[in-house]
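# Sharing a model prediction with you, sequence too.
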Amino acid sequence: MRSRLAALGRILNRITASVVILQIVAMLTLTLVESLRKKKRKMRRFPVVAPSPVTVEDDEVTVYTYGEHLFDAMLQAINAAEDHVYFETYIWKADATGRAFVDALNRAAARGVRVHAIWDGFANLVVPRPFYRQLSDDIATLHYPALPVPWRPRSWGRDHRKLLCVDGAVGFVGGYNIGALYATGWRDTHARITGPGVAELDNAFIDFWNQNLGRRRRPITDNPVRGWESRLRMHRNTPRIQVYPIRNMYLEAIDRAQERIWLTHAYLLPDDDFVAALRDAARRGVDVRIIIPERSNHIVADWLSRGYYERLLHSGIRLFLYQGAMVHAKTGTIDGHWSTIGTANLDRLSLLGNYEVNLEITDADVAARMEEIYRIDLSNTIEIDEARWLRRSLVAKATESFLSPWRPFF
Ligand SMILES: O=P(O)(O)OC[C@H](O)CO
């Protein structure tokens, strides 16, 4: 009996290993085919909204939806810096845009501005090290380690944040990484803040820096004063202390919604509770819409994401596929009151894995701007029709199911 069980165990192990290998082969094949197709695909223009500031109490919030506009504003802020620059990015490409940031940071350091720069090691594995060596020795840097300590799960999170703070007077946060492709080819969203709300961003940067001093870095001793009742609040996922408030921020806002929940997300792989919250909202009559890229830059993520569509559509949630360009935004706006612009995707890596920052704004004027942007984005989408979606090919359905066990890894 024991030997039969052992034999059965061996067979099961082999089947499991074969399925896993097949899944990996399938994902690699999809990625390879897509990368060949991508080379032939032409980038298309997409509608954008000119940035203009919205007043929120003593702050001003400007929403950026086009990379060139944003990068110009960021470089302008660095060029005008007099006291300090805190710069943090997930991806920092070694191209013309990346170099423009190196040059601006170097110029700021050369005129005596205190400059700190952080970038993620894993996200930039393909970027040649000499690129970062162009940064002046006067700049305090943190190349966040590419490899975590395997036996310390708290070290597994990537630094997925995108932040810039200048002189405590102006700050930027949102989905944009630094690179030429993002300047013109991707539709993303970032916010620029001026006023006391910048302290929220400063504080987020300083905490991260001071938690990662290592042996050679000096702490930042600034202590930005943050208001208790501000309409602008920063939520920070911090794996090191096992705190992930961004998921909760979304769930709470979704739970409050009475009229509309309009989300735009690059990668849609929500957990079951998140899906349940959206479905509950749709069932109580809330207009729930999600804009997602028709084709993102990660084809495997797209296939995993498609596995959710049926359930979402069936509950009355409307899905809109963004056409001709990668939409990389991580935003939401609810009921004309609440908005968020941040770095967190709707996937496990962002909601329960990485360092992330999301700005939560409770303000009708900002929500109106976000809705205006949403309507413009909608004009560049095609809505998924539930009946047609149900008729998609059997191969497509099988691929979605076959890959679905990998969702928790994204
Ligand atoms: O991780 P994100 O959301 O900054 O997106 C980055 C792209 O996926 C890079 O391939």
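Thanks, I have the structure now.

# When you work out contacts or count neighbours from here on, use the C-alpha atoms and nothing else.
OK.

# Thr340: neighbour count?
By the measure other CA atoms under 10 Å, the count of residues near Thr340 is 29.

# With Val49 instead?
14.

# ok, now Ile382?
14.

# Distance check, the residue positioned nearest the centre of the chain against Leu28.
Of all residues in the chain, the one closest to the mean position by CA atoms, centre = their mean is Thr343, 3.3 Å from it. Thr343 sits 26 Å away from Leu28, going by CA to CA, to the nearest Å.

# Could you do Asp207 as well?
Distance from Asp207 to Leu28, by CA to CA: 38 Å.

# Disregarding flanking residues, what is the spatial nearest neighbour of Arg154?
Arg240 (4.8 Å; CA to CA, 6 or more residues apart in numbering).

# Look up how far Glu200 lies from that neighbour.
For Arg240 relative to Glu200 (CA to CA), the value is 19 Å.

# which of the two has more neighbours?
Glu200 (23 against 17).

# Three-state assignment for the more buried one, please.
helix (DSSP: H, G, I helix; E, B strand; the rest coil).

# Show the contacting residues for the residue nearest to it when sequence neighbours are not counted.
Residue nearest to Glu200 in three dimensions, not counting chain neighbours: Met234, with 5.8 Å by CA to CA, 6+ apart. For Met234, the contacting residues are Glu200, Leu201, Ala204, Val357, Asn358, Leu359, Glu360, by CA atoms under 8 Å, 6 or more residues apart in numbering.

# cool, Arg236 as well?
Arg236 is in contact with Ala204, Val243, Tyr244, Pro245, Ile246, Tyr355, Glu356, Val357, Asn358, counting by CA under 8 Å, 6+ apart.

# cutoff 10 Å now
Arg236 makes contact with 161, 204, 208, 243-246, 342-344, 354-359, according to CA atoms under 10 Å, 6 or more residues apart in numbering.

# Could you do Ile290 as well?
261-265, 268, 312, 317-321, 331-332, 374, 378, 383.

# Using PDB, write down the CA coordinates of stretch 55-68.
What follows is stretch 55-68, C-alpha atoms only, in PDB (Å, rounded to 0.1, in the frame of the first residue of the first chain):
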ATOM      1  CA  THR A  55      -6.700  74.900  -6.300                       C
ATOM      2  CA  VAL A  56      -7.200  72.700  -3.300                       C
ATOM      3  CA  GLU A  57      -7.300  74.800  -0.200                       C
ATOM      4  CA  ASP A  58      -3.700  76.200   0.100                       C
ATOM      5  CA  ASP A  59      -2.300  73.800  -2.500                       C
ATOM      6  CA  GLU A  60      -2.400  73.600  -6.300                       C
ATOM      7  CA  VAL A  61      -2.700  70.200  -8.000                       C
ATOM      8  CA  THR A  62      -1.800  69.900 -11.700                       C
ATOM      9  CA  VAL A  63      -2.600  66.600 -13.400                       C
ATOM     10  CA  TYR A  64      -0.300  65.600 -16.200                       C
ATOM     11  CA  THR A  65      -1.300  63.100 -18.900                       C
ATOM     12  CA  TYR A  66       1.500  63.500 -21.400                       C
ATOM     13  CA  GLY A  67       5.200  62.600 -20.600                       C
ATOM     14  CA  GLU A  68       6.800  65.500 -22.500                       C
END
